[in-house]
Structures are given as structure tokens and as C-alpha cells.
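Asker: got a predicted structure here, sequence first:
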Amino acid sequence: MQKIYDQNMTALNICLAVNLIILFIAFFFRKNNALPNKILALILLDTAISFLGNASITGGVFEQFPYFFFLSWCTNTYFGPLVFAYTCSFTGSKINLKHPIWLVAFLCCIFGLSFPAAYLALPVQERPAFAASLLQEPLPWQMSVINIVGMPLILASVIASAIKISGYKRRLVLTVSNLEKTRLSFITRFIVLGGILTVITAVLYLVLPEYLVEYLYLPCLITLIYFFILYYSVRHHAIFTTESYEQFLEDTRPAIEQSEEARIKQETVTQTELVTLAASIEDFITRSGIYANPDLTINMLADSMGVPAEKISTAINKAMRKNFYELVNEKRVAKAKTLLDNKINQVTIEAIAYEAGFNSRASFYRAFKKYTTLTPSEYISTLS
């Protein structure tokens, strides 16, 4: 029975490893590649190496390929830091290899080298017993130490990633397009899922035999992340080309992050000029109907008007006392009201929402309620 059990665990780990390696190749070696894709690919490869190391134990080939297993225990320590680096790439932050998370991972990796050293120090006749101990309780103390340090390291990486995303969203002026918002939604869900699975894994280590968590339950949990990456990275357009990544960073860069030169120029603009510019902005948005583009950003408006984005942002904020997002939504709601007045018997509410520039029924209802105090359905009732 134990042999069949080990065979099943071996098959599971090999199957997952092969799938992850295929994804690694697809993400890392694609043409016109961007940094987030490469980091994501390394996360997948790191996990694949871990599963192959597991398979060498449960498959009974550890003595033939011992160093692959030891390699997996050294590379495992970089899973959390790579997740943190992936988050940094999505927020336009510099990846700092001197960050404490990376330093702790490096120290864990160095400690992991004591594992093969201990194995090599054993007499040859005692090495089969060492291999057998990798499938029993208690596991070798080196594995327990790396797990004790590694799980908090992953959790710390997830928390640091969450703080990075939260801080970025607070700083972010709401001028990004719907496409960029869905990409930020992807990385947010990625980190939340990682945090949940980290907590679940920690609990499993406390209540179940360590070797079962290592070789069976953890691979099953990783499968959830595997399917998440496969599905959401495509659905949320989180697989970048070099050009799309550069545009993503440009479009999601907060308007408050201006150069010193731009700030000085902004301060020299008089209130009268801001009021005049604000009137021009409102007239242009209304007349051109550019607000109906669901992916409209302040940079796109600036290009259309031939005015620097920072001046447009200042005019909207200081002269209109609102932000770009609020201005555009006001125009979209006004357009939607006109469409509801004239077309409600011809098209659906969803069709009106999309024609006005909203990208979903939910966002339309929220904005409509905010600026009219009524839902679209309630507004239609007032018409009748």
C-alpha cells in the first residue's frame, strides 16, 4: 500500500513539474519579452525544481540523483522574494536585491548547502538510511529548519507585496485605463491567493506529518496557483510585450510623481490660466466625446489636446476641485441619462452603459448612483 501511495505522489509531482516547465519555457523565452514575464517564469521554474526534488524521494531514485533534491532546497528559499519582485515589476518599483527579504533568502540558501555537506559526510553504507529518513517522521533537522524559516519568509514576502500594492494604489491618481486596472487586479488577486495558501500550508505543517505536506498536500495547493496563473494571466492581459509593459508603466505612473522641472512649471501657472484651461478641457471632452472611450487616460487626453498631462491634472484638481476620473464619469453619466431618455425602449441598460463609456454594468450603476442619487432603474421609473 505504501508503495502505491509513493507512486501516486511521484506521478503527481512529476506531472506538475512538467506542466510548470512548459509554462516556464512559454513565459521566459517568448519573443519581445518583458521583465514581469521572466520573473513569473522563474517562479514557475523554482516550483518545478521543488517538485522534481520531491519526485526523486518518493520515486526511490534519490541515491542516483541526490544533488537535484538538495538543489531544490536551496532554490526554494527564493520563492517568496521572486513573488515580491514580481509585485515590484507591476508597480514600477525598483527590484532591490539588498532588501531584507532577499538577504534572508540568501542566508537560507547558504544554510541549505549544509544539507548535502551532511550527506557527503556520511559513510556510503549509511546513505540509504538517510534517503529512507526523507519519507519518515521526523524529517532531517535541516529540512525542518529551512521550513521554519522559509514559511515566515514567504509570508513576509506576501505581506511586503500587499503593502507595495496598497501604497501604490493610494498614490495612484485614478487615470489609468480599464486594461491597466485589470492588470493591477490580477497582481492583487495573485498576492491574496499566495497569502491564503501560505497560511493553509503553515497550518498543515502543524497538524500533519511533515513529509505528507511536502510531497502531497503542498503540490496540490500549488496546483491552484498554477491554474490561477494560467487563466488570469491571459484573461487580465498580464502577459506583456516589451512595448506593452513600457506603456503599462507609463499609464499607471501616478500623476503626482512629476519631475522637479514639471513641478516648477506647474507652480508658475496662474489661477486665471488654470480656470481657462479647465474650461477648455471640459469643452473638449464634451465636444469630442472622448470620454466614451472606456480605456481613456489622462495621457491620451493630453495627447489629443496637445497640452502636458501635468497641466491638465493641475487644472482639473485645482480649478474644477475634482480628479480626472470623476470628471470623465460625470460626462459618462450625463451621456447615459440622455441615452436613457431617448433609447430605453430600443436597447438594454447594459448597452447604454457601454455606449456611454463604462466597461461593466457594476461600474455604471456605482457611478450613476453617485452622481444622480438614483439607480438607472429608478431613473427610468421617474421618466415614466
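Answerer: Nice, thanks for sending it over.

Asker: what mean pLDDT does stretch 278-291 have?
Answerer: Per-residue pLDDT over stretch 278-291 has a mean of 92.

Asker: swap that for stretch 156-169, sorry
Answerer: On average, stretch 156-169 scores 87.

Asker: buried stuff in that stretch?
Answerer: 156, 157, 158, 159, 160, 161, 162, 164, 165, 168 (16 or more other C-beta atoms under 10 Å). Where you see a C-beta, it was placed from the backbone N, CA and C, and this is true even at glycine.

Asker: please apply the same query to stretch 61-71.
Answerer: 62, 66, 69, 70, 71.

Asker: and stretch 204-218, by the same measure?
Answerer: Applying 16+ other C-beta under 10 Å to stretch 204-218 flags 204, 205, 209, 210, 211, 212, 213, 214, 215, 216, 217, 218 as buried.

Asker: strands - which of the buried residues of stretch 156-169 land there?
Answerer: Assignment to strands by DSSP state E places none of those there.

Asker: closest to residue 77 among those?
Answerer: Comparing those against residue 77 with C-beta to C-beta picks out residue 157 as the nearest, at 10.7 Å.

Asker: could you report the distance from the closest one to residue 331?
Answerer: 42 Å (C-beta to C-beta, to the nearest Å).

Asker: likewise residue 346?
Answerer: Residue 346 is 22 Å from residue 331, by C-beta to C-beta.

Asker: ok, the two, which is more surrounded?
Answerer: residue 331 (19 against 9; other C-beta atoms under 10 Å).

Asker: tell me which other helices or strands whichever strand or helix holds the more buried one touches.
Answerer: According to DSSP states H and E, residue 331 maps onto helix 324-343. Counting contacts by 3 or more C-beta pairs under 8 Å, 6 or more residues apart in numbering; DSSP states H and E, helix 324-343 packs against helix 271-288, helix 349-356, helix 361-372, helix 376-383.

Asker: TSV for these, including mean neighbour count and distance to residue 192?
Answerer: Formatted as TSV, the helices and strands packed on helix 324-343 follow (neighbours: other C-beta atoms under 10 Å; distance: least, C-beta to C-beta, whole Å):
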stretch	mean neighbour count	distance to residue 192
helix 271-288	15	35
helix 349-356	18	28
helix 361-372	17	19
helix 376-383	13	31
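
Asker: export these as CSV, with columns for distance to residue 224.
Answerer: Formatted as CSV, those follow (distance: least, C-beta to C-beta, whole Å):
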stretch, distance to residue 224
helix 271-288, 44
helix 349-356, 32
helix 361-372, 26
helix 376-383, 37
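
Asker: what's the first helix or strand after the strand or helix carrying residue 191?
Answerer: Using DSSP H and E, residue 191 sits in helix 178-207. Beyond helix 178-207 in the direction of the C-terminus, DSSP H and E gives the next helix or strand as helix 210-212.

Asker: and the helices in the stretch 1-150 of the chain?
Answerer: In the stretch 1-150 of the chain, the segments counted as helices under DSSP state H, counting those that start in this stretch are 2-28, 35-58, 66-75, 79-90, 100-112, 114-120, 127-133, 141-171.

Asker: contacts made by stretch 106-114 with the rest, please.
Answerer: Among residues not part of stretch 106-114, those counted as contacts by C-beta atoms under 8 Å, 6 or more residues apart in numbering are 70, 73, 74, 75, 77, 78, 142, 145, 146, 149, 150, 153.

Asker: count the residues that sit near the last one.
Answerer: Using other C-beta under 10 Å, the number of residues around residue 153 comes to 25.

Asker: isn't it right next to residue 83, touching?
Answerer: No - contact criterion C-beta atoms under 8 Å: residue 153 and residue 83 do not qualify, at 10.5 Å.

Asker: quick one, what contacts residue 93?
Answerer: Neighbours of residue 93 in contact, by C-beta under 8 Å, 6+ apart: 164, 168.
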